[in-house]
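J.: the sequence isn't on hand, but the structure is:
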Ligand SMILES: Cc1cc2nc3c(=O)[nH]c(=O)nc-3n(C[C@H](O)[C@H](O)[C@H](O)COP(=O)(O)OP(=O)(O)OC[C@H]3O[C@@H](n4cnc5c(N)ncnc54)[C@H](O)[C@@H]3O)c2cc1C
Ligand SMILES: NC(=O)c1ccc[n+]([C@@H]2O[C@H](COP(=O)([O-])OP(=O)(O)OC[C@H]3O[C@@H](n4cnc5c(N)ncnc54)[C@H](O)[C@@H]3O)[C@@H](O)[C@H]2O)c1
């Protein structure tokens with residue numbers, strides 16, 4: 001016997017809840033199936049606890065580090081409870097705890113958390129099952145000393161020496177936080193630098209800031225094993241073994257693995273692969289009519305805001321199928337809550353390199369330390385804005401900001417890129433004084449200074465290279481904010 005719904009959503013995380021709330025508020029009956037907790041990764045083991053930790057560590061530092069960890073859990077649990085209660089109360093929305101599996105193109109079986117199985121049927125199914133941390137095997141490391149983002153926020157006491165494997169977004173954010181709480185922190189990455197999806201300039205600033213705070217950085221390095229008796233972590237670089245002493249915890253943050261297994265995707269004929277996740281178009285449609293996929297389980301999303309944006313497009317598609325579905329997926333901005341913050345908007349460097357001849361691109365860099373008075377008043381150590389723009393036209397293609405509140409500042413550029421607002425128009429905007437955002441004015445100033453006195457030359461270059469294909473794709477980085485469909489690498493791969 002199948003219970004009937006208009007839409008079944010698998011996963012009550014950032015993406016799934018967006019669809020469920022959107023459709024139920026439009027009067028559609030929605031079943032949301034969740035294996036663990038309402039809120040998914042973001043509320044429970046991701047954005048919310050990590051940002052609370054970062055904020056608390058900044059505010060309270062070494063005064064009461066274990067109290068900070070307790071406060072992170074208190075706030076996380078309170079939010080989880082509030083969300084669970086609120087979603088449970090929404091009319092037309094049935095929240096069902098259990099593990100879901102597709103049994104046909106319109107039917108889902110749920111192994112209920114309370115025991116037993118329930119069968120559901122709907123004309124639309126949305127898969128939003130997210131991702132989990134990729135695991136590493138470290139010989140000799142006892143299980144209780146191995147942490148991931150799923151366990152690190154449960155620590156009752158702050159580690160004495162935390163070794164973080166992986167210098168991506170998770171590793172970097174948590175390295176700053178635990179260092180501020182008084183842990184000795186060592187970072188180990190197999191790559192030659194941190195934040196490999198960002199511009200090298202951004203990684204350099206973050207590396208300098210971490211090093212200044214006493215974080216040990218080990219690049220091109222792998223972890224060999226752990227000696228419990230000595231609490232020693234063996235690492236290897238260029239064939240040489242070194243030892244990190246008194247390591248009480250190892251945090252593994254080496255990327256993500258999509259939650260695809262046990263979903264019955266093959267049985268229903270949904271196109272997916274382990275590397276790229278479920279293939280979906282810019283409106284979340286998979287190759288199977290009526291089945292959608294959004295968020296971390298797809299190729300194109302790695303953030304809460306992108307899962308949310310995709311969820312809203314699915315709501316539009318399902319509720320208003322007569323509206324045109326022609327807009328491409330937007331570029332998703334990214335924000336890394338390091339100290340200083342790193343934020344990006346627009347195209348990836350790889351995409352730039354494939355679509356534009358290098359001669360057509362003008363790169364402008366404004367140093368927030370020396371070129372803004374706010375940098376001076378605040379004794380800023382690291383900060384800049386880098387903008388890649390089309391010569392002559394001032395069309396903004398790609399932006400990286402490193403600095404305080406970069407995560408807030410980036411939205412102006414996100415708007416400019418999406419709405420085709422050029423640097424000529426940003427030049428006319430008045431920015432309050434003294435702010436870091438006055439650096440945006442400096443970017444526009446620099447563009448005008450380099451363009452207007454040389455209009456003829458800029459025009460000639462523009463006309464010559466406007467349609468020219470680049471000779472070859474350079475070895476370039478792919479910023480996190482890149483439209484993920486255009487990435488060649490995915491988080492954790
Ligand atoms: C430490 C950390 C910090 C982060 N910080 C940020 C940040 O600051 N900003 C940002 O934008 N993003 C951040 N992210 C990324 C963000 O958390 C994810 O991109 C986002 O949660 C993805 O949403 P989702 O809906 O795709 O999946 P999820 O939120 O992971 O939700 C998927 C849900 O599906 C459930 N599920 C899985 N399989 C099944 C099944 N078979 N049946 C039923 N339920 C199932 C899971 O239990 C889960 O609740 C962070 C991630 C981590 C790990
Ligand atoms: N502020 C945010 O938006 C935010 C914050 C945290 C996480 N996230 C999301 O979570 C996801 C995962 O982040 P992550 O940091 O785990 O992955 P990541 O892909 O960003 O970084 C993984 C790092 O681990 C390194 N690595 C891989 N294997 C290794 C090995 N065996 N030994 C040593 N180093 C190794 C890689 O070189 C890379 O630098 C990202 O997609 C991100 O979007 C977002």
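T.: It's in. These figures come from a predicted structure and were not determined experimentally. Ligands and ions are numbered 1, 2, ... in the order given.
J.: ranking helices and strands of this protein by mean pLDDT, which lands last?
T.: helix 349-355 (a mean of 92; mean pLDDT, DSSP states H and E).
J.: can you point out the buried residues in that one?
T.: 349-354 (16 or more other CB atoms under 10 Å). No exception for glycine: its C-beta is placed from N, CA and C like everyone else's.
J.: C-terminal to that helix, what's the next element?
T.: strand 361-367 (DSSP states H and E).
J.: and that following strand, how far out from the chain middle?
T.: The chain centroid and the centroid of strand 361-367 are separated by 25 Å under CA atoms, centre = their mean, to the nearest Å.
J.: and what of stretch 360-379?
T.: 25 Å.
J.: and for stretch 244-253?
T.: On the basis of CA atoms, centre = their mean, stretch 244-253 is displaced by 24 Å from the centre of the chain it belongs to.
J.: now do stretch 335-351
T.: 10 Å.
J.: closest to residue 108 among the buried residues of helix 349-355?
T.: Nearest to residue 108, judged by CB to CB, of these is residue 351 at 36.6 Å.
J.: about what we covered before: adding distance to residue 292, write the buried residues of helix 349-355 out as a markdown table.
T.: Output for the buried residues of helix 349-355, formatted as a markdown table (distance: CB to CB, whole Å):
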| residue | distance to residue 292 |
| --- | --- |
| 349 | 30 |
| 350 | 27 |
| 351 | 25 |
| 352 | 30 |
| 353 | 32 |
| 354 | 29 |
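J.: how about the closest residue to residue 157 other than its chain neighbours, phi and psi?
T.: Closest residue to residue 157 apart from its sequence neighbours, by CB to CB, 6 or more residues apart in numbering: residue 66 at 5.0 Å. The phi and psi values for residue 66, taken as degrees, to the nearest 10, are phi -70, psi -30.
J.: what's the spacing between residue 66 and residue 151?
T.: In this view, residue 66 and residue 151 are 16 Å apart by CB to CB, to the nearest Å.
J.: more neighbours: which of the two?
T.: When residue 66 and residue 151 are compared for neighbours, residue 151 comes out ahead with 16 against 12, by other CB atoms under 10 Å.
J.: quick one on the thing from earlier: the least confident helix or strand of the chain packs against which elements?
T.: strand 396-403 (3 or more CB pairs under 8 Å, 6 or more residues apart in numbering; DSSP states H and E).
J.: can we see that at 10 Å?
T.: Here helix 349-355 touches strand 361-367, strand 396-403, going by 3 or more CB pairs under 10 Å, 6 or more residues apart in numbering; DSSP states H and E.
J.: and ligand 1, which of those is closest to it?
T.: With CB to the nearest ligand atom as the measure, strand 396-403 is the member of those nearest ligand 1 (15.9 Å).
J.: what strands line up against the closest one, and which way round?
T.: Strands flanking strand 396-403 in the sheet, each with its direction: strand 341-346 (antiparallel), strand 384-390 (antiparallel) (DSSP bridges).
J.: so which bits of the helix or strand residue 307 falls within are buried?
T.: Using DSSP H and E, residue 307 maps to helix 304-319. Residues of helix 304-319 classed as buried by neighbour count (16+ other CB under 10 Å): 304, 306-319.
J.: up against ligand 1, what does this protein have?
T.: Counting by CB under 6 Å from any ligand atom, the chain comes close to ligand 1 at 10-16, 33-36, 40-42, 46-47, 50-51, 99-100, 128-130, 149, 170, 259, 262-263, 295-297, 302-305, 307.
J.: contact partners for residue 336?
T.: When contacts are counted by CB atoms under 10 Å, 6 or more residues apart in numbering, residue 336 touches 168-170, 172-173, 194-195, 197-198, 202, 206, 342-344, 402, 406-407, 480.
J.: tell me the pLDDT of it.
T.: pLDDT recorded at residue 336 is 98.
J.: re earlier: please narrow the contacts of residue 336 to those residing in strands.
T.: Secondary structure from DSSP state E places 342-344, 402 of the contacts of residue 336 in strands.
J.: check the gap between the nearest residue to residue 249 once chain neighbours are set aside and ligand 1 for me.
T.: Excluding the flanking residues, the one nearest residue 249 by CB to CB, 6+ apart is residue 159, at 4.2 Å. Using CB to the nearest ligand atom, to the nearest Å, residue 159 is found at 16 Å from ligand 1.
J.: for the chain, which residue gets nearest to ligand 2?
T.: residue 168 (1.9 Å).
J.: please report how far that residue lies from ligand 1.
T.: Counting by CB to the nearest ligand atom, the gap from residue 168 to ligand 1 is 10 Å.
J.: can you count the residues close to that residue?
T.: Residue 168: 23 neighbours (other CB under 10 Å).
J.: now it: closest residue in space, sequence neighbours ignored.
T.: Using CB to CB, 6+ apart, the closest residue to residue 168 is residue 253 (6.2 Å).
J.: and what of residue 92?
T.: Residue 92's closest residue in space is residue 24 (CB to CB, 6+ apart), at 4.0 Å.
J.: isn't residue 457 up against residue 362?
T.: No: if you go by CB atoms under 10 Å, residue 457 and residue 362 don't touch, sitting 11.9 Å apart.
J.: neighbour-wise, which of those two wins?
T.: Shown here are residue 457 and residue 362; by other CB under 10 Å, residue 362 has more neighbours (21 against 12).
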